[in-house]
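# Could you work out the structure for the sequence below:
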Amino acid sequence: MRMLLILAAVAQVTVIPRAVGPAKDYPIRAVPLTSVRITDSFWAPKRETNRTVTIPHIIQQNEVTGRIDNFLKAAKKKPGPYQGQRYNDTDVYKIIEAASWSLAGHPDPALDKKVDELVAIVGAAQEPDGYLYTPRSVDPANPAPGAGPERWSWLHTSHELYDQGHMIEAAVAHYSATGKRSFLDIAIKSADLMVKVFGRSARRDVPGHEEIELALVKLHRVTGQQKYLDLAKFFLDERGQKHSVEHPQFEQGSRFFMYNDLAYRQDHAPVASQTAAVGHAVRASYLYAAMTDIATLVESTLIPVIHSLFADVTEKKMYVTGGLGADERTEAFGAEYALPNRAYAETCASIGGILWYHRMFLQSASAKHYGALERTLYNGYLSGVSLSGDRFFYQNPLVSDGRQERSAYFDVACCPANLSRLMAELPGLIYAQDKETLYINLFIGSEADVALGGVPARIRQETNYPWDGKVTIHVDPQRPVRAGLRIRMPDWTSNPTASALYRFTDTTDRAPVVMVNGSRLTGGDPTGGAAEAGAYREWRKGDVVTVDIPMPIRRVLANDKVAEDAGKAAIQRGPILYALEAVDNGGSLKDLKLPLDTPLTSTFRPDLLGGVDVITGKVGDRTVTAIPYYAWNNRGKGEMAVWIPY
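Residues are numbered from 1 along each chain as shown. The predicted model follows:
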């Protein structure tokens, strides 16, 4: 198992409040975000920007683009036709979810009031039997293009169930964060309708865009109702049954082809036979997250399947930034090792990946899943939002000719609010617990209230990560207790990833050092990617664990089968991938080469891009400068490249 420190800890924490707990759940539980406070100088300012800029900005954009008006029109409180895409309801739901999780960590009466207003507007649009889908309810005789002539009639294109899924997730978040039932009752009414409509003796069909499945599992947890878990499993079981008909053409060109391509929407085979990642990357990652839920809670025979999917993605189809989705036309996974640098790598796909990798860890305790999560979090995910918090990338390529720039919003605006909700949920990704172990999975300055051996305890991390590999962990139980910790060491301590898809050009014998109260822990293999050292001990207030991870600048090569990256190398330091921007390199990257033996140095620049480590090197008379990939395109348009010819 690719973990560095095994100290075994005893604790049990639920993910979210629930009336009746499910009979079976993940063997490892996330320490809930409501028990964690981020205090560092890297993520804390970004989360504050999310709270004060991003969330209000998206709410405002939803207002001016008619997304909120659609609910008022459906409630007959405002005249006019439906406006926008048939999946625009989700942009409202996701920002309610983001705002709810933000409120959980930072009370804000004005935002709380705004969320209550939005929930009331959503509730007014719900039909008496629980149906909630404004693209049809605004004008049932003339539903929005792609919605289908009747309820549930064009599930492969309508996004009806996709909409309901994000609505349920937002309602669970709102209830969990505030204790208010207003939105949860709306979600339950909608879900109860779906339970009546769908089933093996009722309507048999599957959504074209997955999301409802993982949402129903969350609703099962918060209510204790088995019927929601059963419905989630039903939607998975129906995939690959080929009982759905093709829908009439309503859009021109490739979009029509995609909607009727079974593999594009992961409906080409039963889920138990889907061992290779195919189709639309966001849909796929949501499906795989739901499969992991069902594999853990219900159907253990799916466990080998989800592990095969993870291996396929991380060993053959993942960008060095953690991005997913190579095909710009279809937003889909490409063939094995087909990773063009013009990558689509949708921000939502990175988010879907993070949600999936987190579940994979909770199911398996394997650090390689957090390796994928961390790589994506600091690179392919974080690149999706500007430093100012109000401009966004939909796609995240690894090369740019200078024409791409961030946008304030999109006609298809799934990414901004999705990014915002994950930023608000970040505290819940740092720590996890089972009956034997407390896991520290991300190095983020924070405080967490946990239970060590059944004894209340405070865990406090102090670190300047990701710029520095030194971490101090304070363990403060209320009274002495025999328990322990398990601290993940990143893949990049020896290799860029846990697979052979990428490799460093050099090796290092500089291993991480872990100490408890000044005594070094020994054991394991410090050069194997995640050495192990262990102890089970009595913890007392004031105990301190220190972690020192070397962070040399490394050059990264892609697998030889990745044709486009032949003769090129990327730059990595710690978890951060770097990119060259023209603005730092004489205005153009044309003909620039960076030999593999070029000495490189890193310097922290507090005055640049919110404070970043900059990497420089001399090539002849020219100074080559690289900045963190996530921070590119914050100083205007210009050329950019992650993979640099050597």
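# Pretty sure Met489 sits against Pro512.
Yes: taking CB atoms under 8 Å as the definition, Met489 is a contact partner of Pro512 at 5.6 Å. In this view, the C-beta of every residue, glycine as well, is placed from N, C-alpha and C.
# These two: who's more crowded?
Met489 (27 against 21; other CB atoms under 10 Å).
# Next, give phi and psi for Val624.
phi -100, psi 130 (degrees, to the nearest 10).
# Ala289 - how many residues pack around it?
Neighbours of Ala289 using other CB under 10 Å come to 24.
# Can you tell me the element it falls in?
Using DSSP states H and E, Ala289 sits within helix 281-297.
# What of Val514?
Per DSSP H and E: strand 513-516 holds Val514.
# So which bits of that strand are buried?
Val513, Val514, Val516 (16 or more other CB atoms under 10 Å).
# Now do the same for the second one: its pLDDT.
In this model, Val514 is scored at 92, pLDDT.
# helices or strands up against the helix holding Ala289?
Judged by 3 or more CB pairs under 8 Å, 6 or more residues apart in numbering; DSSP states H and E, helix 281-297 is in contact with helix 212-223, helix 226-237, helix 303-316, helix 347-364.
# before we move on, the earlier item: CA atoms only for the strand holding Val514, dumped as CSV, please.
Taking only C-alpha atoms (Å, rounded to 0.1, in the frame of the first residue of the first chain), the coordinates of strand 513-516 have been written out as CSV:
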residue,chain,number,x,y,z
VAL,A,513,11.6,12.2,7.3
VAL,A,514,8.8,11.7,9.9
MET,A,515,9.4,12.3,13.6
VAL,A,516,7.2,12.1,16.7
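# strands paired with that strand, and their directions?
Taking DSSP bridges as the criterion, strand 513-516 forms sheet pairs with strand 519-520 (antiparallel), strand 543-548 (antiparallel).
# From the chain's centroid, how far away is stretch 583-599?
32 Å (CA atoms, centre = their mean, to the nearest Å).
# That one: end-to-end distance?
22 Å (CA to CA, to the nearest Å).
# Give me the residues contacting that stretch.
505, 555, 569, 580, 582, 617-619, 622, 624-627, 635-636, 638-641, 644-646 (CB atoms under 8 Å, 6 or more residues apart in numbering).
# Can you go through these and name the buried ones?
By 16+ other CB under 10 Å, the contacts of stretch 583-599 give 555, 569, 580, 582, 617, 624-627, 638-641, 644 as buried.
# could you measure the nearest residue to Glu425 once chain neighbours are set aside against Leu426, distance?
Nearest residue to Glu425 in three dimensions, chain neighbours excluded: Trp101, at 5.3 Å (CB to CB, 6 or more residues apart in numbering). Going from Trp101 to Leu426 by CB to CB, to the nearest Å gives 9 Å.
# Looking at the two, which one has more neighbours?
Higher neighbour count among Trp101 and Leu426: Trp101, with 28 against 22, using other CB under 10 Å.
# Can I get the host helix or strand of that one as CSV, trimmed to CA atoms?
Using DSSP H and E, Trp101 sits in helix 89-105. Provided in CSV are the C-alpha atoms of helix 89-105 (Å, rounded to 0.1, in the frame of the first residue of the first chain):
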residue,chain,number,x,y,z
ASP,A,89,-31.5,24.7,-13.6
THR,A,90,-28.4,22.9,-12.4
ASP,A,91,-26.4,26.2,-12.4
VAL,A,92,-28.9,27.5,-9.7
TYR,A,93,-28.7,24.3,-7.7
LYS,A,94,-25.0,24.0,-7.7
ILE,A,95,-24.5,27.6,-6.5
ILE,A,96,-27.0,26.9,-3.7
GLU,A,97,-24.9,23.9,-2.7
ALA,A,98,-21.7,26.0,-2.8
ALA,A,99,-23.3,28.7,-0.7
SER,A,100,-24.6,26.2,1.8
TRP,A,101,-21.2,24.6,2.4
SER,A,102,-19.7,28.1,2.6
LEU,A,103,-22.2,29.0,5.3
ALA,A,104,-21.3,25.8,7.2
GLY,A,105,-17.8,27.2,7.7
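# which residues sit against the helix or strand that comes right after it?
Sequence-wise, the next helix or strand downstream of helix 89-105 (DSSP H and E) is helix 109-125. Outside helix 109-125, the residues that touch it by CB under 8 Å, 6+ apart are 51, 55-56, 59, 68, 70-72, 74-75, 77, 92-93, 96, 99-100, 102-103, 132, 134, 137, 167, 174, 178, 180, 182-183, 186.
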